[in-house]
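> everything below, folded, please.
(one chain, ligands or ions: 1)
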Amino acid sequence: MKRRMFCGSLAAAGAAIPASGQTRSLPLPETATTLPLASSDGEKRILAVIDRARRSGEVYLEVPVVDGRMLRVLAETANARQVIEFGTSTGYSGLWFSLALRRSNGRLTTFELDAGRAGQARKHFEAGGVSGLVKVVEGDAHRNVRQVTAPVDVVFIDAEKGGYVEYLQAVLPLVRPGGLILAHNIDMVADYVKAVTSNPTLETVFYMQGGGLGITLKKL
Ligand SMILES: C[S@@+](CC[C@H](N)C(=O)[O-])C[C@H]1O[C@@H](n2cnc3c(N)ncnc32)[C@H](O)[C@@H]1O
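So this is what the prediction gives:
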C-alpha cells in the first residue's frame with residue numbers, strides 16, 4: 001500500500017523527527033509581512049491609518065504587521081463581540097482589531113497608562129472611522145479592569161511584562177468558553193507561559209513570528 005504523504009511532514013521528506021517533536025521553521029512568503037489588500041472602503045481607510053501611523057512614527061512599541069494581521073484573523077474568526085486589550089499604546093494593534101470588529105459588530109475596550117499615548121490612540125481611531133467601536137480607558141489597567149463584564153470573546157495582553165499573570169487571572173473568569181487569550185512577546189513572560197500551560201481547562205499554542213504570540217483557548 002502506498003504511504004500517504006502530508007504537506008510539511010519531515011518524515012515524508014526522509015528527515016528524522018527530533019524526540020521533542022520540534023519542527024523546522026519555514027520561510028515566510030513576502031506578502032506575509034506587507035499590509036493586506038482592502039476589500040472595502042472602510043478597510044482601506046483603516047489600513048491607510050495603520051500605514052501612516054508607522055511611517056510617521058506615531059507609534060510606540062507597536063506589534064509587527066504579521067502579528068497585527070494575526071490579531072485581526074483570530075478576532076474575526078472568533079466573531080468577537082467584546083475584545084479587551086491591555087496596553088493600547090497609540091492604538092496600532094487596536095486598529096488591526098477594528099478591521100475584525102466592523103464585521104462582527106463588536107467593541108474593543110483598551111487600557112493605557114500613558115495619557116499622551118491614549119490621546120494619540122483616540123486620534124488614530126477617529127482617523128480610521130472606528131472611534132465608535134473603541135473605548136480607550138486611561139489609567140492603570142490593573143485597577144480599571146474591574147469595569148469589564150462577561151462575556152469576553154478575545155483578550156490581548158501587551159502591557160508591562162510583570163503584569164501578564166495578574167491580567168490573566170483578572171479576565172479568565174470573564175472569558176466565554178471557546179474564547180481566546182492572546183499574549184504578545186511570549187518569550188519574555190515565563191511565569192505567564194507556566195500559568196497557561198499548567199491549567200487543564202486551557203489549550204495554548206505559540207505563534208513565533210513577529211513579536212511572538214501565545215494563543216490560548218479557554219476550553220471550558
Ligand atoms: C508594548 S506597548 C503596547 C503596544 C500596542 N499594543 C500596539 O501594538 O500598538 C505597552 C503599553 O502598555 C502600557 N502600560 C504599561 N503598564 C500599564 C498599566 N499598568 N496599565 C495600562 N497600560 C500600561 C504602556 O504605557 C505602553 O504604552
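> so where's this structure shaky on pLDDT?
Scanning the chain for pLDDT under 70 picks out 1-22.
> now the residue nearest to the spatial centre of the chain: closest residue in space, sequence neighbours ignored.
Closest residue to the average C-alpha location of the chain: L71 at 3.9 Å, with CA atoms, centre = their mean. With sequence-adjacent residues excluded and distances taken as CB to CB, 6 or more residues apart in numbering, L71 is closest to W96, at 4.9 Å. The way it works is simple: take the backbone N, C-alpha and C, and place the C-beta from them, glycine included.
> now do the same contact list for that neighbour.
Taking CB atoms under 8 Å, 6 or more residues apart in numbering, we find W96 in contact with 50, 63, 68-69, 71-72.
> any idea how far the residue nearest to the centre of the chain lies from P27?
L71 sits 22 Å away from P27, going by CB to CB, to the nearest Å.
> how about A80?
From A80 over to P27 (counting by CB to CB), the distance is 31 Å.
> show me which residues of this protein sit near the ligand.
60-63, 87, 89-90, 92-93, 111-114, 117, 140-142, 158-160, 163 (CB under 6 Å from any ligand atom).
> change it to 8 Å
Counting by CB under 8 Å from any ligand atom, the chain comes close to the ligand at 59-63, 67-68, 85-94, 96, 111-114, 117, 139-142, 144, 156, 158-160, 163, 184-185.
> in the longest helix belonging to the chain, what counts as buried?
Looking across the chain with DSSP state H, the single longest helix is helix 41-56. Going by neighbour count (16 or more other CB atoms under 10 Å), the buried part of helix 41-56 is 42-43, 46-47, 49-50, 53-54.
> just name the closest of the residues you listed to the ligand, please.
Of all these, the ligand sits closest to A53, with 8.6 Å by CB to the nearest ligand atom.
> from what I can see that closest one touches S93, true?
No: using CB atoms under 8 Å, A53 is not in contact with S93, being 10.9 Å away.
> tell me if L108 really is in a strand.
Yes: assessed by DSSP: H, G, I helix; E, B strand; the rest coil, L108 belongs to a strand.
> what count of nearby residues applies to A118?
Counted by other CB atoms under 10 Å, the residues lying close to A118 total 20.
> what helix or strand is it located in?
helix 115-127 (DSSP states H and E).
> all strands of this protein, in order?
For the chain, applying DSSP state E gives strands covering 82-86, 107-112, 134-138, 152-157, 175-184, 202-207, 213-218.
> run the angle between the longest one and strand 213-218 for me.
Comparing the axes of strand 175-184 and strand 213-218 via axes from the mean of the first three to the mean of the last three CA atoms, to 10 degrees yields an angle of 170 degrees.
> ok, the first one next?
Counting by the same axes, to 10 degrees, strand 82-86 lies at 140 degrees to strand 213-218.
> now do strand 82-86: which elements does it pack against?
Using 3 or more CB pairs under 8 Å, 6 or more residues apart in numbering; DSSP states H and E, the elements in contact with strand 82-86 are helix 92-104, strand 107-112, strand 152-157.
> count the residues that sit near the residue lying closest to V171 once chain neighbours are set aside.
Nearest residue to V171, sequence neighbours excluded (CB to CB, 6+ apart): V155, at 5.1 Å. Using other CB under 10 Å, V155 has 26 neighbouring residues.
> what does the one 10 residues further on give?
By the criterion of other CB under 10 Å, V165 has 16 neighbours.
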